[in-house]
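# what shape does this take:
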Amino acid sequence: MVETGRLKLLAERAAVSFPGGPMAIALSGGADSAVVAWMAARAGLSFRAIHVNHGLDGSSRLEAAAAAVATRIGCPLAVVQVILDRDSEGEARRERYAALFSERREDEWLVTGHSADDQAETVMMNLMRASGADGLSGMATARWPLARPLLQVWRSEIREIAALAGLPFVDDAANEDLRHLRNRMRSQLIPEIEGRYNPAFRQSLVQSAAVLAGDRDLLDRMATLRVEAMPGAVRFVAAEVATAEPALAARVIRRAVASARPPHPPSAMDVTHILGVAAGLEGRAVVSGGGSVERRGPWLVVSWAQEDAVPAPTRLEAPGVSAFGRFVFEATLHRSQPLRPLSPWSIVLEEGEPLSVQAANGGGSVAGKRVEVALAEAGIPASLRGAWPVVFRGDDAVWIPGVRRAGWPGEGRGGYLCAVATEEYGWARFEP
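Numbers count the residues shown, from 1 in each chain. Prediction:
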């Protein structure tokens with residue numbers, strides 16, 4: 001399609017900046033997401049689209065529009081079906097994001113079509129429910145893994161771009177349902193304030209959010225507590241959390257916990273419980289989504305149950321590569337004693353009886369400590385401990401990969417076995 005002068009002017013004025021790397025665009029079938037996808041295609045970017053069908057009245061029309069937009073701009077489209085327990089604004093939003101994140105690949109940015117109007121409405125909603133700087137600074141243009149390239153563009157401009165580009169979008173009738181607070185605020189409250197008190201009220205909300213976003217970013221740079229994450233769990237150094245400035249500790253907790261269960265941050269009560277366990281005021285606590293908070297050795301662990309299947313026992317081949325669930329073992333043989341291993345993910349043993357790998361729920365002790373105690377002290381979430389590997393020589397447990405191992409072998413006449421374990425996913429430093 002040849003762009004008209006007006007369409008080209010609007011598209012260039014929008015000055016949209018997409019994140020680097022693979023992208024999955026949340027394509028609802030409405031104008032906002034259609035324009036995000038169109039502008040990504042216009043920029044020559046490679047991406048795919050995801051549509052969530054809520055199974056409500058009008059959902060089939062939105063899915064058809066999303067498919068038509070995807071065909072129009074030439075991008076692949078994945079459709080995810082969800083079933084809502086009830087027709088509510090909050091429920092639909094939660095299920096929509098859960099579906100989008102389940103479909104999104106690990107290396108992909110999830111791109112949405114939120115506009116400047118959405119930013120103003122979000123700030124207003126957060127103000128009405130009482131919020132701190134994070135809430136009143138609104139949505140971030142890009143904070144991994146969410147990106148909102150149209151956040152500085154007004155809805156009226158986006159709709160004009162969609163019309164001029166000939167995009168086959170449809171309007172979602174749910175946006176006119178005045179049972180939902182956001183819709184009432186959008187169509188009644190904000191226009192009333194603009195008509196009677198401040199005609200630039202939306203702009204004021206967006207500008208205030210931008211000012212507070214600068215403060216938020218500065219506080220984020222000051223919040224340097226150590227955090228490690230793995231799927232379904234995050235852990236903190238308990239002493240750091242307990243002794244940090246509470247406001248900074250709370251910021252780190254909100255960011256980290258939201259990353260483990262995106263996209264919503266924990267509630268104020270969740271943060272209070274987590275701080276309480278860190279300080280020793282609570283022994284254990286429950287947080288939103290069925291998560292648990294525990295002190296495990298030096299670690300403060302927040303996790304959500306997602307128990308691994310328990311693999312069958314297997315032999316650790318030496319030399320060779322062996323698999324046990326999501327762990328891979330690589331063993332080599334040496335005539336002379338190798339360098340002392342520095343990581344608990346490796347071990348050196350004298351050659352001898354064959355080694356086997358069994359699940360930690362079989363019990364045993366390594367270097368005088370019970371397996372279950374060693375796993376707990378290492379901060380391994382309770383939901384993962386039963387399937388954690390333990391390496392045995394005969395009946396003796398000699399190594400819990402990543403946690404604890406038997407003593408360094410003495411000078412022997414025979415050879416030595418060196419084994420290294422790799423976890424498909426494990427604790428990694430969390431960078432907000």
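# now do the strands in the stretch 301-432 of the chain.
314-316, 320-324, 327-334, 346-350, 355-359, 365-366, 369-370, 389-393, 396-400, 404-405, 416-423, 428-429 (DSSP state E, counting those that start in this stretch).
# CA atoms only for the fourth one, dumped as PDB, please.
Output for strand 346-350, consisting of C-alpha atoms alone and laid out as PDB, is shown next (Å, rounded to 0.1, in the frame of the first residue of the first chain):
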ATOM      1  CA  SER A 346      31.700 -30.700  40.100                       C
ATOM      2  CA  ILE A 347      33.400 -33.500  42.000                       C
ATOM      3  CA  VAL A 348      36.600 -35.500  41.900                       C
ATOM      4  CA  LEU A 349      36.700 -39.100  43.200                       C
ATOM      5  CA  GLU A 350      39.100 -42.000  43.000                       C
END
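# re the thing from before, and the strands of the stretch 301-432 of the chain as CSV, adding distance to residue 166, mean pLDDT and mean neighbour count?
Bear in mind the C-beta positions are built from the backbone N, C-alpha and C, glycine included. What follows is those, written out as CSV (distance: least, CB to CB, whole Å; pLDDT from 0 to 100; neighbours: other CB atoms under 10 Å):
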stretch, distance to residue 166, mean pLDDT, mean neighbour count
strand 314-316, 59, 94, 17
strand 320-324, 53, 92, 16
strand 327-334, 52, 91, 16
strand 346-350, 60, 89, 19
strand 355-359, 59, 93, 21
strand 365-366, 67, 90, 18
strand 369-370, 68, 92, 14
strand 389-393, 58, 94, 23
strand 396-400, 62, 92, 22
strand 404-405, 64, 90, 22
strand 416-423, 50, 87, 19
strand 428-429, 45, 73, 9
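# looking at these, spot the one closest to residue 76.
The closest of the strands of the stretch 301-432 of the chain to residue 76 is strand 428-429. By CB to CB, the value is 29.6 Å.
# and that closest one, what does it pack against?
Packing partners of strand 428-429 (3 or more CB pairs under 8 Å, 6 or more residues apart in numbering; DSSP states H and E): strand 227-230.
# grab the nearest non-local neighbour of residue 168.
Spatial nearest neighbour of residue 168, chain neighbours left out: residue 68 (4.1 Å); criterion: CB to CB, 6 or more residues apart in numbering.
# name the SS class of the one you found, please.
Assigned with DSSP: H, G, I helix; E, B strand; the rest coil, residue 68 falls in the helix class.
# go on, residue 139?
Per three-state DSSP, residue 139 ends up coil.
# against residue 342, how distant is the residue nearest to residue 168?
58 Å (CB to CB, to the nearest Å).
# again with residue 242
29 Å.
# quick one: which of those two has more around it?
A direct count of neighbours by other CB atoms under 10 Å for residue 242 and residue 342 places residue 242 higher, at 19 against 7.
# average pLDDT for the one helix or strand the more buried one maps to?
In the assignment (DSSP states H and E), residue 242 maps to helix 238-243. Helix 238-243 carries an average pLDDT of 94.
# which residues touch stretch 138-145?
Residues from elsewhere that reach stretch 138-145, judged by CB atoms under 8 Å, 6 or more residues apart in numbering: 17, 19, 104, 108-110, 114, 118-119, 122-123, 126, 146-149, 151-152, 206, 209, 212-213, 262, 432.
# ditto for stretch 207-214
119-120, 123, 133, 136-138, 140.
# possible to save the residues you listed as TSV with pLDDT, distance to residue 360 and neighbour count?
Below are the contacts of stretch 207-214 laid out as TSV (pLDDT from 0 to 100; distance: CB to CB, whole Å; neighbours: other CB atoms under 10 Å):
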residue	pLDDT	distance to residue 360	neighbour count
119	96	48	24
120	96	52	25
123	95	48	23
133	79	43	13
136	89	46	20
137	91	44	23
138	92	45	28
140	91	40	16
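# farthest pair in those residues?
Using CB to CB, the two most remote members of the contacts of stretch 207-214 are 120 and 133, lying 17.0 Å apart.
# low pLDDT regions in the stretch 151-300 of the chain?
262-264 (pLDDT under 70).
# rerun that using 80 as the cut-off
Filtered on pLDDT under 80, the stretch 151-300 of the chain yields the residue ranges 230-232, 259-265, 289-290, 296-297.
# that one: helices as residue ranges?
Per DSSP state H, counting those that start in this stretch, the stretch 151-300 of the chain carries helices over the ranges 155-164, 181-184, 190-196, 201-222, 238-243, 246-260, 268-278.
# run the angle between the fourth one and helix 155-164 for me.
Inter-element angle recorded for helix 201-222 and helix 155-164: 100 degrees (by axes from the mean of the first three to the mean of the last three CA atoms, to 10 degrees).
# alpha carbons only: can I get helix 201-222 in PDB?
The C-alpha trace of helix 201-222 is given here as PDB (Å, rounded to 0.1, in the frame of the first residue of the first chain):
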ATOM      1  CA  PHE A 201      -6.000  16.500  32.400                       C
ATOM      2  CA  ARG A 202      -4.800  13.400  30.500                       C
ATOM      3  CA  GLN A 203      -1.600  15.200  29.500                       C
ATOM      4  CA  SER A 204      -1.100  16.200  33.100                       C
ATOM      5  CA  LEU A 205      -1.400  12.600  34.300                       C
ATOM      6  CA  VAL A 206       1.100  11.400  31.600                       C
ATOM      7  CA  GLN A 207       3.600  14.100  32.400                       C
ATOM      8  CA  SER A 208       3.300  13.400  36.200                       C
ATOM      9  CA  ALA A 209       4.000   9.700  35.400                       C
ATOM     10  CA  ALA A 210       7.100  10.600  33.500                       C
ATOM     11  CA  VAL A 211       8.500  12.700  36.300                       C
ATOM     12  CA  LEU A 212       7.900   9.900  38.800                       C
ATOM     13  CA  ALA A 213       9.400   7.400  36.400                       C
ATOM     14  CA  GLY A 214      12.700   9.200  36.700                       C
ATOM     15  CA  ASP A 215      12.500   9.000  40.500                       C
ATOM     16  CA  ARG A 216      11.500   5.300  40.200                       C
ATOM     17  CA  ASP A 217      14.500   4.600  38.000                       C
ATOM     18  CA  LEU A 218      16.900   6.300  40.400                       C
ATOM     19  CA  LEU A 219      15.500   4.200  43.300                       C
ATOM     20  CA  ASP A 220      15.900   1.100  41.200                       C
ATOM     21  CA  ARG A 221      19.600   1.800  40.700                       C
ATOM     22  CA  MET A 222      20.000   2.300  44.400                       C
END
